[in-house]
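Visitor: Using only what follows, build the 3D model:
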Amino acid sequence: MSTTINKIGAFIIGAATLLPVPRTHEAHAQTPADNTLKAASSEKVTNDKQFSEEYKQHIRDNYFHSSAAGAARDPRFRVEQKDIDFAMKDFAKTSPFALGLTQNPTFPITEANIKFARENPTSSFAIGLVQNERYSIQQEDVTIARKNIDSAFAYYVTKNPAYKIERKDKEIAWESPRSRFATGLSENENYAPEKKDKETARKDPSSNYAASIAKNKTYRVEDEDIKTARKHLDTEFAYQIVQKPDYKVTQEDIELARNNINSYFAQIAINPNYLKGRSEADIQKDISIALENPDSIFAAELFSNPALKLTKEHIEIVKKESMIDTQLAEAIAQNPKYPVTEENIQLALDNPNSWYSAGLAQNPAFPLAKYWKHIKENFNTRLAFGYAQNPKLEITNEVYFFAHTTGDSPLIAGLFQHPEYNNAEKRIHNEIVKEILGLKNNVGETSNVTDATFNIDVKEATQPVLVYFHAPWCGACKQMSPRITELAKIYGGGLKVLKLNTDNNPKSTEAYNVQSLPKLVLFKDGNTTELEGWTKSELVAEINKQLNLK
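Guide: As a prediction, the model looks like this:
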């Protein structure tokens with residue numbers, strides 16, 4: 001458990017339901033939603049494989065509502081050129097709608113769209129585009145990030161695993177540790193902290209950069225880190241350092257935690273080393289402090305420590321009216337050793353907005369399937385918040401889609417914190433994209449087509465199709481193939497890219513009069529166009545013209 005995240009991860013009880021919410025907590029709506037759609041629209045959105053034009057227009061009309069980000073990002077929102085044009089307008093380019101639209105799996109990553117993003121690096125349009133899984137970081141992006149170090153664009157560019165970290169990048173981070181550039185770079189999974197990083201982090205321990213450096217799995221605690229953490233108790237740096245498995249807890253640390261029960265440093269109480277080698281009497285002193293201050297960080301972390309023995313007294317005390325809505329109650333109720341009985345479940349149901357209910361719903365023994373219907377009817381409660389975080393909850397399509405129709409609810413806020421949320425979302429999005437576009441492959445990839453499947457995969461496709469005629473013996477084809485793969489990534493769900501081996505498929509080869517290789521034919525709206533370009537830029541220009549893209 002991380003009490004700080006649970007408490008800070010804001011959600012709004014009683015928030016109106018309008019649109020699927022964005023994936024980050026920071027973007028949760030703080031204003032009432034405009035419920036202009038009928039109540040039945042939520043169920044309709046859940047079941048449709050593609051958003052209706054009515055619903056899409058409602059999303060466009062609410063482009064500055066935070067929930068528009070999640071809605072426009074959903075692959076069921078088929079991106080059209082008019083959406084892109086709208087997102088590029090001065091009044092909309094900084095909106096949640098633009099942020100979500102450019103992350104959509106069906107968003108076409110064309111040179112025109114990339115150019116606009118680079119010219120507007122502080123816009124939501126640009127920030128979303130560089131987060132798109134199909135976007136490839138280029139040197140021009142690196143240059144822009146280095147010139148705009150306090151922009152979110154810089155954060156997402158430098159955080160990208162494909163970003164090639166150079167010495168000059170580290171120097172920028174050391175000189176400006178509070179910049180978003182520095183934060184993104186330090187969060188990059190390939191970033192290897194060195195001595196200068198540690199020194200910089202210690203000088204500015206309250207920066208996000210310092211926290212990320214300390215969080216790095218290769219970071220080893222040194223004496224100077226301990227001194228810094230003790231001196232700057234309420235910093236993220238201290239929070240990361242005291243939780244390190246190689247942090248050797250001393251009596252001084254214990255006293256600091258006891259005397260600063262709501263500091264980041266107090267989270268040392270969850271460190272596996274915190275209770276080691278200590279007498280029962282000394283540990284009891286901690287327990288007494290926690291029970292006297294049940295809504296403190298210290299109390300929650302101490303009772304989340306797996307080495308702490310849970311007694312009958314602890315089990316019963318959190319049921320008291322004065323305790324049920326505290327962080328301590330949440331920590332104890334979610335403990336795997338806590339009995340999830342019918343009586344305790346009923347107590348949670350009777351107090352659905354208590355932290356006790358949130359904790360019990362996160363308990364591995366909580367009967368998830370049995371109470372799913374109840375959660376659907378009570379999604380604006382802390383009970384739902386805890387339920388959605390339960391590590392044993394399987395994020396099925398039903399759970400995912402329903403949660404995304406509950407606005408800025410505790411249910412969706414909790415689901416964002418589920419350890420498998422990102423993986424589940426990626427799986428579900430891929431499924432939707434395949435169903436909507438009739439793809440056999442993932443968006444951004446190529447697949448093969450044969451004489452037997454040509455009609456279904458090409459002629460009956462619901463979106464434009466590019467067919468690449470090639471043969472294994474063709475030297476020019478070997479040069480062209482990498483460009484075909486790049487085209488698939490550039491256009492994503494906006495263009496299906498298929499390969500046809502002419503040696504094995506004579507019927508299609510003859511039907512389209514393939515006299516020389518390679519040959520590229522674009523199928524759109526029942527018409528065929530042979531592409532003449534050779535370089536990637538030439539091909540992109542031709543395709544954009546045929547697809548009416550800028």
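
Visitor: which residues are in contact with stretch 197-211?
Guide: By Cβ atoms under 8 Å, 6 or more residues apart in numbering, the residues outside stretch 197-211 that reach it are 170, 173-174, 177-179, 182-183, 186, 213-214, 219, 222, 224-225, 228-229, 232, 235-240. Just so you know, the C-beta spots here come from the backbone N, C-alpha and C atoms, and that holds for glycine as well.

Visitor: Point out the ones among those residues that are inside helices.
Guide: 170, 173-174, 182-183, 186, 213-214, 224-225, 228-229, 236-240 (DSSP state H).

Visitor: For ChimeraX, write a command that selects the buried ones of the residues you listed.
Guide: Of the ones in helices among the contacts of stretch 197-211, the buried ones go into a single ChimeraX selection, burial set by 16 or more other Cβ atoms under 10 Å:
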select :170,173,174,182,183,186,213,214,225,228,229,236,237,238,239,240
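
Visitor: Below-threshold pLDDT in the protein: ranges please.
Guide: Along the chain, segments meeting pLDDT under 70 span 1-49, 434-444, 550.

Visitor: And the strands in it, which stretches?
Guide: Counting by DSSP state E, the chain has strands at residues 447-448, 465-470, 496-501, 519-524, 527-531.

Visitor: Redo those as JSON lines? Include mean neighbour count and distance to residue 191.
Guide: Shown next, in JSON lines, are those (neighbours: other Cβ atoms under 10 Å; distance: least, Cβ to Cβ, whole Å):
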{"stretch": "strand 447-448", "mean neighbour count": "15", "distance to residue 191": "35"}
{"stretch": "strand 465-470", "mean neighbour count": "23", "distance to residue 191": "38"}
{"stretch": "strand 496-501", "mean neighbour count": "23", "distance to residue 191": "34"}
{"stretch": "strand 519-524", "mean neighbour count": "20", "distance to residue 191": "41"}
{"stretch": "strand 527-531", "mean neighbour count": "13", "distance to residue 191": "41"}
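
Visitor: and of those strands, who's closest to residue 282?
Guide: Smallest distance to residue 282 across the strands of the chain (Cβ to Cβ): 64.4 Å, for strand 447-448.

Visitor: partner strands of the closest one, parallel or antiparallel?
Guide: Here strand 447-448 is paired, per DSSP bridges, with strand 496-501 (parallel).

Visitor: coming back round to it: of the strands of the chain, which approaches residue 100 most closely?
Guide: Residue 100 sits nearest to strand 496-501 of all the strands of the chain, at 23.2 Å, using Cβ to Cβ.

Visitor: In contact with residue 376, which residues?
Guide: Contact analysis of residue 376 by Cβ under 8 Å, 6+ apart lists residue 402.

Visitor: measure it to residue 387 for me?
Guide: Distance of residue 376 to residue 387, given as Cβ to Cβ, to the nearest Å: 10 Å.

Visitor: go on, residue 370?
Guide: Counting by Cβ to Cβ, the gap from residue 370 to residue 387 is 11 Å.

Visitor: the more surrounded of the two?
Guide: Counted by other Cβ atoms under 10 Å, residue 370 and residue 387 do not tie: residue 387 has more neighbours, with 29 against 9.

Visitor: Report the spatially nearest residue to that one, omitting neighbours in sequence.
Guide: Spatially, and ignoring its direct neighbours in sequence, residue 387 is nearest to residue 361 (4.0 Å; Cβ to Cβ, 6 or more residues apart in numbering).

Visitor: State the distance from the one you found to residue 370.
Guide: Residue 361 is 12 Å from residue 370, where distance means Cβ to Cβ.

Visitor: Show me the helices in the stretch 251-400 of the chain, by range?
Guide: For the stretch 251-400 of the chain, the helices defined by DSSP state H, counting those that start in this stretch occupy 251-259, 280-292, 297-302, 312-317, 327-333, 342-350, 355-362, 372-377, 382-389, 397-403.

Visitor: Give me the contacts around the third one.
Guide: Residues outside helix 297-302 that contact it (Cβ under 8 Å, 6+ apart): 1, 3-4, 257-258, 261-264, 266-270, 274, 286-287, 289-291, 293, 308, 326-328, 330-331.

Visitor: Many thanks, I have nothing further to ask.
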